[in-house]
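**Q** based on what follows, work out the 3D shape:
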Amino acid sequence: MHTKSYINLLALCLTAILAVSCSTSRKAVTPTPAPTATTTFSVDDHLAALSRHYDTAKGLTAKVKVTVNAEGNDISTSGSLKMKKDEIIQLTLIDPILGLMEVGRMEFTPKRVLIVDRINKQYIDVPYTDISFLQMANVDFNTLQSLFWNELFVPGSKGKADASQFTYTTLSASDVNLDYQDRLLHYQFTSDYKDNKLLKAHINNPKDNRYDFSFDYDKFVNFNQRQFPSEMTMKFTAEKRKASLALSLSSMKATTDDIEATKPSSKYTKVSAEKIFKLLGNR
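**A** Numbers count the residues shown, from 1 in each chain. Purely as a prediction, here's the structure:
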């Protein structure tokens, strides 16, 4: 797997968020409760059940199979995912041919976004404050952490979501959509309210279907007192380009160990964040 494909995918993700957030009306929207198919469902009870076991694991390590689909082409490799609550999310990719050499790394911490290209010996290391559209869309470490940890969230805030912030629509005898609208974007969370599992997070601008982002969860397994997805799929649409990044987790373990943040070698060249966007135009 070429590290360029890996960096391009992250660029496409960020571009999609940029385009959605910049094209959305800045006027605040007060959501109106949607019609429901049942009167027995309680948002308060469901959110309490969803979040009951969020804090049972402070850290997670897993082997991961990574599949990138870009412009109809699939590229797969293996790697590892390491996470520690409120500290770090680290995704490492291994050369798919020999399975020994690390080719790329993506890392999120509360203060920065890091992408390391070990093939070309270069890296991008920027604080969230330098990525203006992430701020505009309220995408920060807390948002990314919630997505990777399969947790419901309200953008721009830390901690458990408040039921009063959501409207809902029941979809079936077990599934429900929970909707949150901020001044920029529409966030829709699909969950199973019988088994209390978050199935999907979807972010878009309803007035502009050129841009779309979703995070799907599947194949839940028992993990440290909670059900946790062993498959996660991120899907991005930006203009006419579509791509996805699928993670298939195995050998998941809960951990309290520290995860060391990456320090790029002094032999590597630091490049500007804008370079990842230019890569898109050269694909």
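
**Q** does the closest residue in space to Asp162 that isn't next to it in sequence sit in a helix, a strand or a coil?
**A** Leaving aside its sequence neighbours, Asp162 sits nearest to Val154 (C-beta to C-beta, 6 or more residues apart in numbering; 7.3 Å). For the C-beta atoms, the positions are set from N, CA and C on the backbone; glycine is no exception. Under DSSP: H, G, I helix; E, B strand; the rest coil, Val154 falls in the coil class.

**Q** per-residue pLDDT, Val154?
**A** Val154 carries a pLDDT value of 88.

**Q** quick one, phi psi at it?
**A** Dihedral angles of Val154 (phi, psi; degrees, to the nearest 10) stand at phi -110, psi 120.

**Q** now for it: which residues touch it?
**A** Counting by C-beta atoms under 8 Å, 6 or more residues apart in numbering, Val154 makes contact with 161-162, 165, 180.

**Q** can you map out the strands along this protein?
**A** For the chain, the strands defined by DSSP state E cover 59-70, 73-84, 88-94, 102-108, 112-117, 122-127, 167-170, 175-181, 186-192, 197-205, 208-223, 226-238, 241-254, 269-270.

**Q** what packs against the second one?
**A** Taking 3 or more C-beta pairs under 8 Å, 6 or more residues apart in numbering; DSSP states H and E as the contact definition, the neighbouring helices and strands of strand 73-84 are strand 59-70, strand 88-94, helix 141-148.

**Q** next, the angle strand 59-70 makes with it.
**A** On the basis of axes from the mean of the first three to the mean of the last three C-alpha atoms, to 10 degrees, strand 73-84 is oriented at 160 degrees to strand 59-70.

**Q** cool, the fourth one as well?
**A** Our comparison of strand 102-108 with strand 59-70, counting by the same axes, to 10 degrees, yields an angle of 110 degrees.

**Q** what's strand 102-108 packed up against?
**A** Judged by 3+ C-beta pairs under 8 Å, 6+ apart, strand 102-108 is in contact with helix 3-22, strand 88-94, strand 112-117, helix 141-148.

**Q** run through who's touching it.
**A** Residues outside strand 102-108 that contact it (C-beta under 8 Å, 6+ apart) are 1, 3, 6-7, 10, 77, 88-95, 113-119, 141, 144-145, 261-262.

**Q** the residue nearest to Asp162 and Asp140: what is the separation?
**A** 12 Å (C-beta to C-beta, to the nearest Å).

**Q** with Lys85 instead?
**A** Here Lys85 is placed at a distance of 15 Å from Asp140 (C-beta to C-beta).

**Q** so Pro63 makes contact with Leu247?
**A** Just so we're on the same page, residue 63 is Lys rather than Pro. No - with contacts counted by C-beta atoms under 8 Å, Lys63 stays clear of Leu247, the gap being 10.5 Å.
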